[in-house]
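Asks: Sequence first, then the predicted structure, then my questions.
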Amino acid sequence: MKSTSFFLFVLTLCMIGNVGANIFQRANTTLLFVNRLRYRKWLKVHCKSGNNNMGFHYLKPEGFYYFSFHDNFMGNTLFWCTLSKGPDYKISSTFDAYVEDNREPHGHTYSYIAKDDGIYHQNREYPKLHKKFDWNRRY
């Protein structure tokens, strides 16, 4: 009797867990970085969150890098990134690339395009490419 009750209890938890995972699972959000620097300059991208360090990525001219993630359950996902211009990577900009907003639907792609005069941005909310950040700044 005890083993049957325990088995039913565990089975119920598994079923609730699977249903709960489907109910609470959010769509992937993607951060995309594109190097459009002139004069064959490379771009260094380094992104972090409170839980993840995405490492250093060096983008050749016209190269790109992206990663996708799910927002955390607490609703406070934040990724900040530093983009640095080659060849010495002393000119950079650090900014919040993604701040979770529970009022908006999840699953967007946020694009950041590095150009000589700054970092441009577009997403579903702002489909037209626009300058968002200057170089040598922290936002």
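Replies: Perfect, I can see it now. Residues are numbered from 1 along each chain as shown.
Asks: from memory residue 47 sits against residue 56, does it?
Replies: No. The pair residue 47 and residue 56 does not pass the contact test of Cβ atoms under 8 Å, sitting 9.6 Å apart. Yep, even glycine has a C-beta here, placed from its N, CA and C like the rest.
Asks: More neighbours: which of those two?
Replies: Shown here are residue 47 and residue 56; by other Cβ atoms under 10 Å, residue 47 has more neighbours (22 against 12).
Asks: Check which residues of the helix or strand hosting that one are buried.
Replies: In this assignment (DSSP states H and E), residue 47 forms part of strand 43-49. Neighbour-count burial for strand 43-49, counted by 16 or more other Cβ atoms under 10 Å, picks out 43, 44, 45, 46, 47, 49.
Asks: which residues touch the fifth one?
Replies: Under the criterion of Cβ atoms under 8 Å, 6 or more residues apart in numbering, the contact partners of residue 47 comprise 31, 54, 67, 79, 80, 81, 82, 97.
Asks: between the residues you listed, which has the most around it?
Replies: Result: residue 97 is most packed of the contacts of residue 47 (other Cβ under 10 Å), 24 neighbours.
Asks: separation between the residue positioned nearest the centre of the chain and residue 39?
Replies: What sits nearest the mean C-alpha location of the chain, by Cα atoms, centre = their mean, is residue 31, with 4.1 Å. Taking Cβ to Cβ, to the nearest Å as the measure, residue 31 and residue 39 are separated by 25 Å.
Asks: Just confirm residue 29 contacts residue 70, I think it does.
Replies: Yes. Between residue 29 and residue 70 there is a contact at 7.5 Å, judged by Cβ under 8 Å.
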